[in-house]
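Engineer: Okay, here's the prediction I keep looking at, along with the sequence it came from:
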Amino acid sequence: MHKKEILCECNSELPESIKIGYRNYKLEAWKQTVATANEASGQLFITAGVLGYNQEEKGVSHANTILHEIMHGIIYQWNMELDDKVEETIVNSLANGLTTVFVDNPELLGYLKTKIKEG
Ligand SMILES: [Zn+2]
């Protein structure tokens with residue numbers, strides 16, 4: 001029989017920073033003009049420890065941007081040493097794919113959060 005578990009009370013607030021490996025990245029909301037100039041919805045500044053995102057972007061696109069930049073951080077943190085173009089392709093595909101999986105399986109994140117809390 002399928003065991004029903006109580007899913008998390010998910011926090012909808014964006015944290016001030018995101019820890020990737022030993023490093024904390026401060027989240028910074030960009031105005032549309034800055035984001036447009038960079039032709040990106042987000043950017044990870046490794047040296048400065050900043051994750052910038054377009055403050056105009058909402059919903060699934062915003063979630064996708066945060067996941068995208070986190071993946072760049074993971075690639076850096078775990079020394080994957082990829083060519084820039086290859087890195088962008090991998091990050092784009094995995095972030096878009098993962099976002100789609102989360103959209104298509106709305107209870108999955110809550111379940112994963114519950115499991116992670118169990119340690
Ligand atoms: Zn990217």
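Structural biologist: It's in.

Engineer: Quick check: residues of this protein near the ion?
Structural biologist: With C-beta under 5 Å from the ion as the criterion, the chain meets the ion at residues 88, 91. C-beta coordinates here come from the backbone N, C-alpha and C atoms, glycine included.

Engineer: would you list every one of the strands in the chain?
Structural biologist: Counting by DSSP state E, the chain has these strands, from start to end: 17-20, 23-30, 42-45, 50-54.

Engineer: tell me the centre residue of this structure?
Structural biologist: By C-alpha atoms, centre = their mean, the mean C-alpha position of the chain lies nearest to residue 67, the distance being 2.0 Å.

Engineer: and the longest helix for this structure?
Structural biologist: Secondary structure of the chain per DSSP state H: the longest helix is helix 84-104.

Engineer: tell me the mean pLDDT over that one?
Structural biologist: Model confidence over helix 84-104, given as mean pLDDT, is 97.

Engineer: wouldn't the residue nearest to the centre of the chain be in contact with residue 99 here?
Structural biologist: Yes - the pair residue 67 / residue 99 is scored as a contact, 6.0 Å apart, by C-beta atoms under 8 Å.
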